[in-house]
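[1] Quick one: sequence and predicted model below, then my questions.
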Amino acid sequence: MKTIPPALQTHFDSGTTTLSWCWRINRADGMAFGFTDHDRALTFDGTEFEPESGLTASEIRSGADLSVDAQDAAGALRSDRITETDILDGRWDNAEVELWRVNWQMTNQRVLMRRGAIGQIRRGRHAFVAEIRSMSHVLGQTVGRVFQASCDAALGHPRCGVDLEDPAFRGTGTVIDSLRDRAFTASGLGGFAPGWFRFGTLEWTTGPNAGRRAEVLAHDRSDGIAVITLLEAPIRPMGTGDGFAIRAGCDKRIATCGTKFGNVVNFRGFPHIPGQDTILRYASEDGTHDGSVL
């Protein structure tokens, strides 16, 4: 429940209001930005809210259940604040957003309407539309351990214990030729068996995608040359000579944990739990379904 300051309530009751929207956005890289739909800059809580962004908001949608409420904010792409490059590079992804309703004549009269995070961003030639999701979107994320046969630890995480900087699990390569928008041949990986980097991660070190990471869908070999297929196409086209670092992947099975990484002692799954086929078993004369301990 929101508490409206008495002075702001008096302003509401006056019948003539001077209200504006203000957005404070905190990106994951520590950068903070302020924007307003008013025609001049506003300042409060140490943040200057700029009017030049052209940021405007849709209506606030809110429900009584736990579904994710959302609001759209549209703005212009500018070279100095909200750039197309930053959006492409994911700098605005999941940024924290505070939405304020402010009396622009007296900015101490304000109320926090919503907290949320930036979701999907749609871009045009000169503008963008950002979805602002309510905090209830966090309820859709898995928290804690998962009781499942496969491992629930991320490869390389302290819970896993595998050192992905070990030369046995890390390689460097260079793009030879692009096969499709997300597949390419690469040099420098001749010492690794096909499939070694499947489900792993690739980080571009040079080229237009430098600094970005991608998930590896497949690692094959053709005529002695490595063929890498990514889960998604890079934001910018790959080019001959682009360098990358690639790290091994894991399919989360205990057999892979043991044979590939020798790390069964840190396996974070429950490989011996009965599967869904257990409920379909029945007694039979062949002795394999006699009701004994599995």
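    Received the coordinates, thanks. Residues are numbered from 1 along each chain as shown.
[2] rest of the way, CA atoms for contacts and neighbours
    Noted.
[3] Who are the packing partners of the longest helix belonging to the chain?
    Using DSSP state H, we find that the single longest helix of the chain is helix 6-13. Using 3 or more C-alpha pairs under 8 Å, 6 or more residues apart in numbering; DSSP states H and E, no helix or strand is in contact with helix 6-13.
[4] hey, where'd the strands end up in the stretch 1-150 of the chain?
    Listed in chain order, the strands of the stretch 1-150 of the chain (DSSP state E, counting those that start in this stretch) span 19-26, 32-36, 42-44, 47-49, 56-57, 70-76, 96-103, 110-123, 127-134.
[5] Compile those into JSON lines and extend it with columns for mean pLDDT and distance to residue 266.
    Shown next, in JSON lines, are the strands of the stretch 1-150 of the chain (pLDDT from 0 to 100; distance: least, C-alpha to C-alpha, whole Å):
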{"stretch": "strand 19-26", "mean pLDDT": "88", "distance to residue 266": "36"}
{"stretch": "strand 32-36", "mean pLDDT": "86", "distance to residue 266": "39"}
{"stretch": "strand 42-44", "mean pLDDT": "92", "distance to residue 266": "50"}
{"stretch": "strand 47-49", "mean pLDDT": "89", "distance to residue 266": "46"}
{"stretch": "strand 56-57", "mean pLDDT": "58", "distance to residue 266": "49"}
{"stretch": "strand 70-76", "mean pLDDT": "55", "distance to residue 266": "40"}
{"stretch": "strand 96-103", "mean pLDDT": "89", "distance to residue 266": "35"}
{"stretch": "strand 110-123", "mean pLDDT": "79", "distance to residue 266": "34"}
{"stretch": "strand 127-134", "mean pLDDT": "68", "distance to residue 266": "37"}
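[6] closest one to residue 257 among those?
    Smallest distance to residue 257 across the strands of the stretch 1-150 of the chain (C-alpha to C-alpha): 34.7 Å, for strand 110-123.
[7] tell me the angle of that closest one relative to strand 19-26?
    Orientation of strand 110-123 against strand 19-26 (axes from the mean of the first three to the mean of the last three C-alpha atoms, to 10 degrees) gives an angle of 70 degrees.
[8] Now do strand 110-123 against strand 96-103, angle only.
    Interaxial angle, strand 110-123 versus strand 96-103 (the same axes, to 10 degrees): 130 degrees.
[9] List the beta-bridge partners for the closest residue to residue 34 other than its chain neighbours.
    Leaving aside its chain neighbours, residue 34 sits nearest to residue 49 (4.0 Å; criterion: C-alpha to C-alpha, 6 or more residues apart in numbering). Counting by DSSP bridges, residue 49 is bridged to residue 42.
[10] Please verify my assumption that residue 24 contacts residue 42.
    No: at 11.6 Å, residue 24 does not count as touching residue 42 under the criterion of C-alpha atoms under 8 Å.
[11] Pick out whichever of these two has more residues nearby.
    residue 42 (22 against 19; other C-alpha atoms under 10 Å).
[12] roughly how far apart are that one and residue 148?
    Taking C-alpha to C-alpha, to the nearest Å as the measure, residue 42 falls 52 Å from residue 148.
[13] cool, and residue 255?
    Applying C-alpha to C-alpha to residue 255 and residue 148 gives a distance of 15 Å.
[14] Quick one: residues contacting the residue nearest to residue 34.
    Residues in contact with residue 49 (C-alpha atoms under 8 Å, 6 or more residues apart in numbering) are 22-24, 33-36, 41-43.
[15] go again using 10 Å as the cut-off
    The contact partners of residue 49, taken as C-alpha atoms under 10 Å, 6 or more residues apart in numbering, are 21-24, 33-38, 40-43.
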